[in-house]
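1. Requesting a structural model of the entry that follows:
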Amino acid sequence: DVYKRQIMGSSERTATEFDSEIVARFFRMAREDSSGLVRLSLASTLQRLPLISRGDLAVQLAARNEDGSDHNLPGMVWFGIHPLANNGLAGHRWVARVTEWPDLLRWVARTCAMDIENDLSVVEEVLEEAGKNPHKAPHLLQGMSEALQGWRKAPQPENWEMVRAKLVEHEELADLLRELGTVFGDGRAMEELRAVVFDGSAHLSARRKALETLISIGPPNLREICEKVLRTRGLNGTAVRGLAMFDDPAIGAKLVGNYGRFFRPDERPVVIEALASRPAWANTLLGAIESGKIPRADLTPFHARQISAMGNEELLARLRKVWGDVRESSREKRTRIAQLEAGLSPAVLDKADLGRGRLHYERLCASCHMLYGNGGKLGPDLTGSGRAELEYLLGNIIDPSATLPQDFRLTVIEKKDGTTVSGNVTKENEYAVTLRLLDREETVDTKDIAKRTTLDQSLMPEGLLLTLKPDDVRDLIAFLKNQKRKR
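-> Okay, here's the model as predicted:
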């Protein structure tokens with residue numbers, strides 16, 4: 001309150017009541033005052049100023065290099081100036097010229113790049129700043145990369161070649177330059193990425209990143225590239241995702257035929273995900289399960305639901321025959337819950353093997369749920385849930401859609417290339433939709449979406465316990481009920 005009175009006087013003022021004398025005082029204080037609290041108050045005042053005055057004050061605040069690592073100031077300044085971009089004002093771009101704050105540079109560049117189709121000149125301004133000040137380039141280029149995530153092709157800024165030539169000597173920028181270059185249709189960047197993928201002396205993470213970037217762009221020789229590294233440990237899982245883009249039954253047959261040879265147990269879920277993404281491949285997968293080539297347990301309820309969501313009646317009938325029903329009736333669920341409650345008495349649970357229960361948890365649950373800070377984020381965190389109560393636990397496992405928060409509804413996207421992907425939406429804009437899948441996030445260009453459906457179903461599939469024997473159910477439930485953390 002002391003600092004508010006120092007800045008604003010004794011009375012509260014609205015945005016329209018700020019006169020030029022007060023605004024000039026704000027500028028001087030932002031430029032000269034030694035108190036971080038005063039500057040924080042000024043930053044919070046940005047949102048109450050007329051839009052036309054915000055850019056100038058933000059420039060004075062953002063020029064104070066000592067505040068770049070402050071926990072609050074960069075965010076407060078950004079909240080004040082990000083509306084400028086939507087109102088045809090340039091204040092946020094002025095900030096990028098004077099500030100050294102990493103987050104603010106990234107946010108400004110991301111906002112400019114999001115408008116690349118409508119105003120290429122603002123992206124050229126960002127690149128110009130990166131070329132003049134290479135120490136800012138990592139943050140500016142990262143912001144551009146975030147904005148263009150999921151894009152296959154974007155207009156190339158006129159100064160891209162010139163700026164790239166200035167920055168290419170900075171090794172730490174190599175990945176970002178290649179990534180942006182591919183989106184801008186830079187042929188050299190494509191060849192550099194291809195070379196990295198096949199460079200056996202390069203770090204595996206760099207080779208994987210290069211392959212992921214090529215997959216996101218989809219060059220004409222992508223299938224050839226992915227097939228060549230299909231036997232390379234650490235790259236074959238990523239290669240499978242690239243091959244899933246091609247609607248060729250021969251690829252599905254090849255993945256099934258080499259399931260046990262090319263892929264370690266921890267890599268096989270990626271293969272199952274790919275096979276469950278196309279009707280023809282899913283049919284091949286179910287045939288392999290039926291013949292015993294692929295264990296039935298490797299097809300998770302999540303992937304069974306994805307196959308079910310394809311709406312192919314013949315495929316659904318085969319899924320029921322080979323794997324089981326994906327959805328039980330309400331009466332069946334109530335009966336099942338009652339049976340399990342009766343059978344899982346305290347005396348029965350006392351005999352459980354918690355170690356085996358943990359193994360079942362890690363196979364069936366951990367890819368979606370967090371427990372004590374470990375696991376996936378597709379479903380709710382189980383650490384502080386009501387899992388100690390048997391009725392609560394069984395109700396949510398047997399009938400996960402009974403109580404359904406909006407954030408955990410299943411979104412199914414059918415792409416124009418014939419593949420299906422399902423998960424929950426984490427972010428979206430007019431250009432791309434990002435889904436959280438079992439083991440990663442995937443961004444889909446809105447131009448590639450043929451159909452999008454949000455189901456009144458939980459992301460957690462039904463029938464989770466149907467694949468387990470009675471003792472396995474006992475061990476899993478006992479582990480989930482147990483409140484003592486196992487390390």
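2. name the helices or strands packed onto the helix or strand that contains Leu180?
-> Element membership of Leu180 [criterion: DSSP states H and E] is helix 174-183. When contacts are defined as 3 or more C-beta pairs under 8 Å, 6 or more residues apart in numbering; DSSP states H and E, helix 174-183 packs onto helix 137-147, helix 160-167, helix 187-198, helix 204-217. Backbone N, C-alpha and C define where each C-beta goes, glycine included.
3. ok, and which of those has the densest surroundings?
-> Ranked by mean neighbour count, those are led by helix 137-147 with a mean of 22 (mean count of other C-beta atoms under 10 Å).
4. Using PDB, write out every CA atom in that helix.
-> Listed next in PDB are the C-alpha coordinates belonging to helix 137-147 (Å, rounded to 0.1, in the frame of the first residue of the first chain):
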ATOM      1  CA  ALA A 137      19.000 -15.300 -30.300                       C
ATOM      2  CA  PRO A 138      18.400 -18.500 -28.200                       C
ATOM      3  CA  HIS A 139      15.300 -16.900 -26.600                       C
ATOM      4  CA  LEU A 140      13.900 -15.200 -29.700                       C
ATOM      5  CA  LEU A 141      14.400 -18.300 -31.900                       C
ATOM      6  CA  GLN A 142      12.900 -20.500 -29.200                       C
ATOM      7  CA  GLY A 143       9.800 -18.300 -29.000                       C
ATOM      8  CA  MET A 144       9.400 -18.600 -32.800                       C
ATOM      9  CA  SER A 145       9.900 -22.300 -32.700                       C
ATOM     10  CA  GLU A 146       7.100 -22.600 -30.000                       C
ATOM     11  CA  ALA A 147       4.700 -20.600 -32.200                       C
END
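5. so what does it touch, helix or strand wise?
-> helix 102-114, helix 120-132, helix 174-183.
6. about what we covered before: possible to save the helices and strands packed on helix 174-183 as CSV with mean pLDDT and distance to Leu393?
-> What follows is the helices and strands packed on helix 174-183, written out as CSV (pLDDT from 0 to 100; distance: least, C-beta to C-beta, whole Å):
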stretch, mean pLDDT, distance to Leu393
helix 137-147, 95, 39
helix 160-167, 94, 54
helix 187-198, 88, 45
helix 204-217, 89, 38
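7. Could I get the buried residue list for the helix or strand harbouring Leu40?
-> Using DSSP H and E, Leu40 sits in helix 36-45. Neighbour-count burial for helix 36-45 flags 38-45 (criterion: 16 or more other C-beta atoms under 10 Å).
8. got it, and stretch 237-253?
-> Neighbour count says stretch 237-253 has 237-246, 251-252 buried, by 16+ other C-beta under 10 Å.
9. roughly how far out does it sit from the chain middle?
-> Centroid separation for stretch 237-253 versus its chain: 22 Å, with C-alpha atoms, centre = their mean, to the nearest Å.
10. now swap in stretch 65-76 and tell me
-> With C-alpha atoms, centre = their mean, you get 26 Å for stretch 65-76.
11. do stretch 41-51 as well
-> With C-alpha atoms, centre = their mean, you get 32 Å for stretch 41-51.
12. gap between Ala189 and Ala195?
-> Distance, Ala189 to Ala195, using C-beta to C-beta, to the nearest Å: 11 Å.
13. May I see the buried residues of the helix or strand where Ile81 lies?
-> Ile81 belongs to helix 73-81 when elements are defined using DSSP H and E. Within helix 73-81, the residues that qualify as buried are 73-74, 76-78, 80-81, counting by 16+ other C-beta under 10 Å.
14. after the worst-scoring helix or strand of the chain on mean pLDDT, next one along is what?
-> The weakest-scoring helix or strand in the chain, judged by mean pLDDT, DSSP states H and E, is helix 2-8 (a mean of 42). Under the assignment DSSP H and E, the closest C-terminal helix or strand after helix 2-8 is helix 20-32.
15. Hey, what's the angle from that following helix to helix 36-45? Just curious.
-> 130 degrees (axes from the mean of the first three to the mean of the last three C-alpha atoms, to 10 degrees).
16. Pull out the buried residues from helix 20-32.
-> 22-23, 26-27, 29-30.
17. mean confidence score for that helix?
-> The average pLDDT for helix 20-32 rounds to 83.
18. Show me what that helix is packed up against.
-> helix 2-8, helix 36-45, helix 51-62.
19. Can you show me the helices along the stretch 251-400 of the chain?
-> Assigned by DSSP state H, counting those that start in this stretch, the stretch 251-400 of the chain shows helices spanning 259-262, 268-275, 279-291, 301-308, 313-322, 330-343, 346-350, 354-364, 390-398.
20. Nearest to Thr411, out of those helices?
-> Nearest to Thr411 among the helices of the stretch 251-400 of the chain is helix 301-308; the distance by C-beta to C-beta comes to 11.5 Å.
21. isn't there a helix covering Glu414?
-> No: secondary structure assignment (DSSP: H, G, I helix; E, B strand; the rest coil) places Glu414 in strand, not in a helix.
22. what are the bridge partners for it, then?
-> Thr420, Lys451 (DSSP bridges).
23. gap between it and Val271?
-> 21 Å.
24. The two - which one has more neighbours?
-> Between Glu414 and Val271, counting by other C-beta atoms under 10 Å, Val271 is the more crowded of the two (24 against 18).
25. OK, contacts around that one?
-> 237, 240, 255, 259, 263 (C-beta atoms under 8 Å, 6 or more residues apart in numbering).
26. So which of those is the closest to Thr446?
-> Closest to Thr446, out of all of these and judged by C-beta to C-beta, is Val240, at 24.7 Å.
27. how about that closest one, what does it touch?
-> Taking C-beta under 8 Å, 6+ apart as the test, what Val240 contacts is 226, 230, 255, 270-271, 274.
28. at 10 Å instead, please
-> 226, 230, 251, 255, 262-263, 267-268, 270-275 (C-beta atoms under 10 Å, 6 or more residues apart in numbering).
29. just those: which has the poorest pLDDT?
-> Ranking those by pLDDT, Phe262 lands last with 71.
30. Correct me if wrong: it contacts Leu243.
-> No: Phe262 is beyond contact range of Leu243, at 11.8 Å (criterion: C-beta atoms under 10 Å).
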